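**Student:** when you get a sec, could you give me coordinates for this:
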Amino acid sequence: MIQFVLLISRQGKVRLTKWYSPYTQKERSKVIRELSGVILTRGPKLCNFVEWRGHKVVYKRYASLYFCMGIDQEDNELEVLEIIHHYVEILDRYFGSVSELRPWFIVCELDLIFNFHKYNAAYYALDELLIAGELQESSKKTVARLIAAQDSLVEAAKEQASSLSNIISQATK
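**Tutor:** This is a model prediction of the structure:
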């Protein structure tokens, strides 16, 4: 079972966290601090698995982001690497259609920072992909369709809120 998911920039800034096991805020901060130090200092030729505090941490660097997943000792590291890659491909497909800033299609930190109005899509995709730390949806098309549906709901809510504020301002004049 996946215990947590972290997206960390090369500078050590946390861009996304998702916890599937109960950790206090103090423990979360300690996990992030310790793992950032361990993963960021590892050489690029070393394997993408780290034994840490009775868990295994599987990570992979894409562009300027490290995608990290903490798993149980008995879990398969290669399967988790595939889950990470699957998640990156989903984000790539989503942000690739949003961002015209770069010619390659690898999700990067800029997507999460500058497309802040689309930032929740990273959480939506993760929530559709993993439930309670287990892989639930393996179809990229299905996840993309669900994210698009969520985006349309958000846009409809924004339009409704805008029209309601216009009606209220008209009524108060």
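**Student:** C-alpha only now, for contacts and for neighbours.
**Tutor:** OK.
**Student:** what is the least confident helix or strand in the protein?
**Tutor:** Among the secondary structure pieces of the chain, namely its helices and strands, helix 109-114 has the lowest mean (mean pLDDT, DSSP states H and E), a mean of 54.
**Student:** got a list of contacts for the very next helix or strand once past that one?
**Tutor:** Going down the chain from helix 109-114, the next helix or strand is helix 120-129, by DSSP states H and E. In this structure, residues lying in contact with helix 120-129 by Cα atoms under 8 Å, 6 or more residues apart in numbering are 87, 90, 91, 112, 135, 136, 137, 138, 143, 144, 146, 147.
**Student:** next, count neighbours for the last one.
**Tutor:** When neighbours are counted by other Cα atoms under 10 Å, residue 147 registers 21.
**Student:** list the buried residues in the helix or strand hosting it.
**Tutor:** The secondary structure element spanning residue 147 is helix 140-171 (assigned by DSSP H and E). Within helix 140-171, the residues that qualify as buried by neighbour count (16 or more other Cα atoms under 10 Å) are 140, 143, 144, 146, 147, 151.
**Student:** likewise for stretch 69-78?
**Tutor:** When burial is assessed from 16+ other Cα under 10 Å, stretch 69-78 yields the following buried residues: 69, 70, 71, 77.
**Student:** show me where pLDDT drops low in the protein?
**Tutor:** Along the chain, the parts satisfying pLDDT under 70 run over 97-119, 173.
**Student:** returning to that earlier point: for the helix holding residue 147, the distance to its chain's centre please.
**Tutor:** Mean-position distance between helix 140-171 and its chain equals 22 Å (Cα atoms, centre = their mean, to the nearest Å).
**Student:** just give me the residue closest to the centre of the protein.
**Tutor:** residue 122 (4.6 Å; Cα atoms, centre = their mean).
**Student:** relative to residue 5, how far out is it?
**Tutor:** Using Cα to Cα, to the nearest Å, we find residue 122 at a distance of 12 Å from residue 5.
**Student:** residue 124 now?
**Tutor:** From residue 124 across to residue 5, the span is 14 Å (Cα to Cα).
**Student:** then residue 64?
**Tutor:** 16 Å.
**Student:** check the offset of stretch 72-92 from the chain's centre.
**Tutor:** Here the centre of stretch 72-92 is set off from its chain's centre by 12 Å, with Cα atoms, centre = their mean.
**Student:** could I have the CA atoms of that stretch written out in CSV?
**Tutor:** Output in CSV follows, covering the C-alpha atoms of stretch 72-92 (Å, rounded to 0.1, in the frame of the first residue of the first chain):
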residue,chain,number,x,y,z
ASP,A,72,5.3,-0.9,2.6
GLN,A,73,8.3,-3.2,2.7
GLU,A,74,6.5,-6.1,0.9
ASP,A,75,5.2,-3.9,-2.0
ASN,A,76,6.7,-4.2,-5.5
GLU,A,77,9.0,-1.2,-6.3
LEU,A,78,8.7,-1.7,-10.0
GLU,A,79,4.9,-1.6,-9.9
VAL,A,80,5.1,1.7,-8.0
LEU,A,81,7.5,3.1,-10.6
GLU,A,82,4.9,2.2,-13.2
ILE,A,83,2.2,4.0,-11.1
ILE,A,84,4.5,7.1,-10.9
HIS,A,85,5.0,7.0,-14.7
HIS,A,86,1.3,6.5,-15.3
TYR,A,87,0.5,9.5,-13.1
VAL,A,88,3.1,11.6,-15.0
GLU,A,89,1.6,10.6,-18.3
ILE,A,90,-1.8,11.7,-17.1
LEU,A,91,-0.6,15.0,-15.9
ASP,A,92,1.4,15.4,-19.1
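**Student:** since that was my last question, I'll sign off now.
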